[in-house]
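1. below is the sequence, then the predicted model.
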Amino acid sequence: MNRRQDIRKVAYVGLLLLAIALVIAGIFLEGRWAGVMIGLGAGLLGVSGSQLITQRVMQGNPEVKRKVSIEEMDERNIQINHYAKAKAFDFFQFLALPFFLLLVAAEVRLWIVLLAIALYVADWVVYLWSLTKRMNEI
C-alpha cells in the first residue's frame, strides 16, 4: 500500500471509532440529541465501514482494482455522472419552493427558513459560476 492509502485507512478507522462513540453516547442520552447522535453515528459507521471493506477487497484483488480505476476514468462514465447530477439539480428546483412554503406553514423559526433559502441561493451561485467558467473555456 502507498502512503495515501495508509492515510485514508487511518482516517476511516478514526471515523469508525467516532461513529461507534456517537452511537454509544446517543444510547445514553435523552431527548432529541440522542436521535441525532445515533443517526449521525450510524451514517458514519456505514460510510467508514464500507470504505474499509472496499479498500480491503481492492488490496486483495489487483484485477478488480485495475478494472474499477479504468471505469472511474472512463470519459463516458464521467459524462453519465455529470448528466445525472444535472438532472438532480433540475429536480431539486421543483422541490425547493414547496419546501420553503412547508417550512413557513409549519411555523419554523425564521432563521431556519432563511438558512434554507440561503442554501438554495448558494446552489444557484455555484451553478452560474460553473456555467460561466465553462462557457469561457469554450
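-> Great, that's in hand.
2. where does Leu101 fall, helix, sheet strand or coil?
-> helix (DSSP: H, G, I helix; E, B strand; the rest coil).
3. can you show me the helices along the chain?
-> Using DSSP state H, the helices of the chain run over 3-28, 32-60, 62-73, 75-105, 110-137.
4. which of those has the lowest average pLDDT?
-> Mean pLDDT is lowest for helix 62-73 out of those, coming in at a mean of 84.
5. buried residues, it. List them.
-> Judged by neighbour count (16 or more other CB atoms under 10 Å), helix 62-73 contains no buried residues. Heads up, the C-betas are built off the backbone N, CA and C, glycines and all.
6. tilt between it and helix 75-105?
-> Counting by axes from the mean of the first three to the mean of the last three CA atoms, to 10 degrees, helix 62-73 lies at 70 degrees to helix 75-105.
7. give the other helices and strands that helix 62-73 contacts.
-> Secondary-structure packing of helix 62-73 (3 or more CB pairs under 8 Å, 6 or more residues apart in numbering; DSSP states H and E): helix 32-60.
8. any idea how far the helix it packs on is from the middle of the chain?
-> From the chain centre to the centre of helix 32-60 is a distance of 12 Å (CA atoms, centre = their mean, to the nearest Å).
9. how many residues are close by Leu29?
-> Other residues within reach of Leu29, judged by other CB atoms under 10 Å, total 14.
10. surely Gly35 touches Gly26?
-> Yes. Between Gly35 and Gly26 there is a contact under CB atoms under 8 Å: 7.1 Å.
11. so the two - more neighbours on which side?
-> Applying other CB under 10 Å to Gly35 and Gly26 shows that Gly26 carries more neighbours, namely 19 against 11.
12. for the more buried one, give me its contacts.
-> 33-39, 41 (CB atoms under 8 Å, 6 or more residues apart in numbering).
13. cutoff 6 Å now
-> Contacts for Gly26 were tallied using CB atoms under 6 Å, 6 or more residues apart in numbering; they are 34, 37-38.
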